[in-house]
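Quick one, fold the following:
(one chain, ligands or ions: 1)
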Amino acid sequence: MLPRIAYFGPQGTFTEQAARGFAADSEVDSELLPHDTVPAALDAVRRGEADGACVPVENSVEGAVPATMDALAEGEPLVAVAEAVLPVRFSVLVRPDGGPVRTVASHPHALAQVRHWLAANLPDAAVVATTSTSAAAVAVLRGDYDAAVSAPVAVRHYPLEVLASDVADVSDAKTRFLLVRPPGVVPGPTGRDRTSIVVTAPDRVGVLSDVLTELALRRINLTRIESRPTKGKLGEYRFYVDFDGHVAEPRVGDALAALRRHCPRTRFLGSYPKAVEGSPAPAADNAEFVAAAEWVARIREGRGA
Ligand SMILES: O=C(O)C(=O)Cc1ccccc1
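Got it, this is the predicted structure:
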């Protein structure tokens with residue numbers, strides 16, 4: 001389906017593992033193209049150099065990945081067609097000839113997830129943020145830092161040694177990744193789908209409540225809401241909203257139309273199968289929406305009351 005998949009790299013990131021999973025599910029052999037930042041991976045798709053991009057979107061311990069959220073809300077629209085959830089446990093990598101560990105580098109999300117481990121095991125090491133976990137491994141190889149908190153696969157790509165493996169303050173931490181591509185025909189509903197949108201709320205009383213009420217009225221289960229500043233006016237926010245259901249379902253379509261009336265700056269970020277079983281499948285209530293729409297149609301056609 002997507003012959004060229006850009007991903008947040010370089011080689012050996014957790015995102016590469018997720019991209020490999022998406023590639024394995026594809027009917028075609030996909031080429032995986034590493035990019036050093038999330039915006040660079042997304043821009044490769046916008047420029048037509050890749051057919052899709054795999055990016056991290058949120059983590060069960062650290063929350064949203066802001067770089068992904070901002071880059072999906074701005075620029076040419078991209079739409080998610082699949083998600084993956086991976087367990088996240090880290091390896092701490094050092095140079096084989098390395099001496100004492102004075103500096104430890106990694107992606108801020110990784111560092112936040114091993115804070116206790118670092119305090120207990122490398123209390124004197126200075127902590128340095130890098131663009132990704134594997135960028136940290138590359139920097140250690142170069143001699144910039146002494147240790148990298150990396151994905152376990154990174155050691156297959158870089159000649160480093162494992163100082164510690166299976167490192168995580170929270171043992172069942174998970175990260176969610178999206179596969180996005182330019183807008184096209186939305187893959188059909190599976191009965192266990194998620195829809196993602198980003199809403200820029202006008203500055204007026206009750207607007208967020210209006211948005212959430214449109215979902216609640218239709219018994220649509222909200223699965224995530226995050227706010228980020230628009231970077232324009234102080235106090236102006238975007239809301240990233242995920243909920244159960246698919247745009248093809250009447251009640252989801254109704255809700256989206258109603259939301260858009262409250263917030264004309266609403267962007268559709270995709271309807272795609274959920275990677276994890278969560279709340280009940282939303283299909284059960286669609287029949288009510290279809291029956292109600294048919295009733296109105298009959299009235300309009302003079303066939304009922
Ligand atoms: O840097 C990586 O390896 C990523 O893919 C981002 C990330 C960082 C920390 C946990 C999960 C994903």
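
Would you verify that Leu33 is located in a strand?
Yes - remark: Leu33 belongs to a strand, assigned using DSSP: H, G, I helix; E, B strand; the rest coil.

who does the residue lying closest to it once chain neighbours are set aside bridge with?
Nearest non-adjacent residue to Leu33, counting by C-beta to C-beta, 6 or more residues apart in numbering: Ala6, 4.7 Å away. For the C-beta atoms, the positions are set from N, CA and C on the backbone; glycine is no exception. Assessed by DSSP bridges, Ala6 has beta-bridge partners Leu33, Ala53.

partner strands of whichever strand or helix holds Phe268, parallel or antiparallel?
Phe268 is part of strand 266-273 when elements are defined by DSSP states H and E. The pairing partners recorded for strand 266-273 under DSSP bridges are strand 193-200 (antiparallel).

Could you pull up the mean pLDDT of the partner strand?
Taken as a whole, strand 193-200 has a mean pLDDT of 97.

How about stretch 167-180?
pLDDT averaged over stretch 167-180 gives 95.

now swap in stretch 104-120 and tell me
For stretch 104-120, the per-residue pLDDT averages 96.

Contacts made by that stretch with the rest, please.
56, 59, 61-62, 65, 88, 90, 92, 122, 125-133, 135-136, 139-140, 144-150, 164, 167-170, 173, 175 (C-beta atoms under 8 Å, 6 or more residues apart in numbering).

Endpoints of that stretch, how far apart?
This stretch, stretch 104-120, spans 14 Å end to end (C-alpha to C-alpha, to the nearest Å).

Can you give me the buried ones in it?
By neighbour count on 16 or more other C-beta atoms under 10 Å, the buried set for stretch 104-120 is 104-107, 109-111, 113-114, 117-118.

In contact with the residue nearest to Leu33: list those residues for me.
33-35, 40-42, 44-45, 49-50, 52-54.

Apply 7 Å and report the result again.
Contacts for Ala6 were tallied using C-beta atoms under 7 Å, 6 or more residues apart in numbering; they are 33, 35, 41, 44-45, 50, 53.

That one and the ligand, how far apart?
The span separating Ala6 from the ligand equals 13 Å under the rule C-beta to the nearest ligand atom, to the nearest Å.

Also Glu249?
Glu249 is 31 Å from the ligand, by C-beta to the nearest ligand atom.

What sits closest to that residue if chain neighbours are left out?
Per C-beta to C-beta, 6+ apart, closest to Glu249 is Asn286, 5.2 Å.

What are the contacting residues of the helix or strand containing that neighbour?
Take DSSP H and E as the rule and Asn286 turns out to sit in helix 286-300. With C-beta under 7 Å, 6+ apart as the test, helix 286-300 has contacts from 249-251, 254, 304-305.

The nearest residue to Val170 once chain neighbours are set aside: what's it in contact with?
Nearest residue to Val170, sequence neighbours excluded (C-beta to C-beta, 6+ apart): Val61, at 5.1 Å. Listed by C-beta under 7 Å, 6+ apart, the contact set of Val61 reads 112-113, 170, 173.

With Ser91 instead?
150, 152, 154-155, 162, 165, 167.

rerun that using 8 Å as the cut-off
Ser91 touches 149-152, 154-155, 162, 164-167, counting by C-beta under 8 Å, 6+ apart.

In helices only, show me those.
154-155 (DSSP state H).

what about the strand holding Phe268, distance to the chain center?
12 Å (C-alpha atoms, centre = their mean, to the nearest Å).

what's stretch 159-166 in contact with?
89, 91-96, 98, 101, 117, 121, 137, 140-141, 147-148, 152, 154-155.

Skipping adjacent residues, who's closest to Arg267 in space?
Counting by C-beta to C-beta, 6+ apart, the residue nearest Arg267 is Val198, at 4.8 Å.

How far does stretch 109-118 stretch from one end to the other?
Stretch 109-118: ends 14 Å apart by C-alpha to C-alpha.

what sits against whichever residue of the stretch 201-305 of the chain sits closest to the ligand?
The ligand sits closest to Ala275 of the stretch 201-305 of the chain, with a gap of 14.7 Å, by C-beta to the nearest ligand atom. Going by C-beta under 8 Å, 6+ apart, Ala275 touches 83-85, 176.
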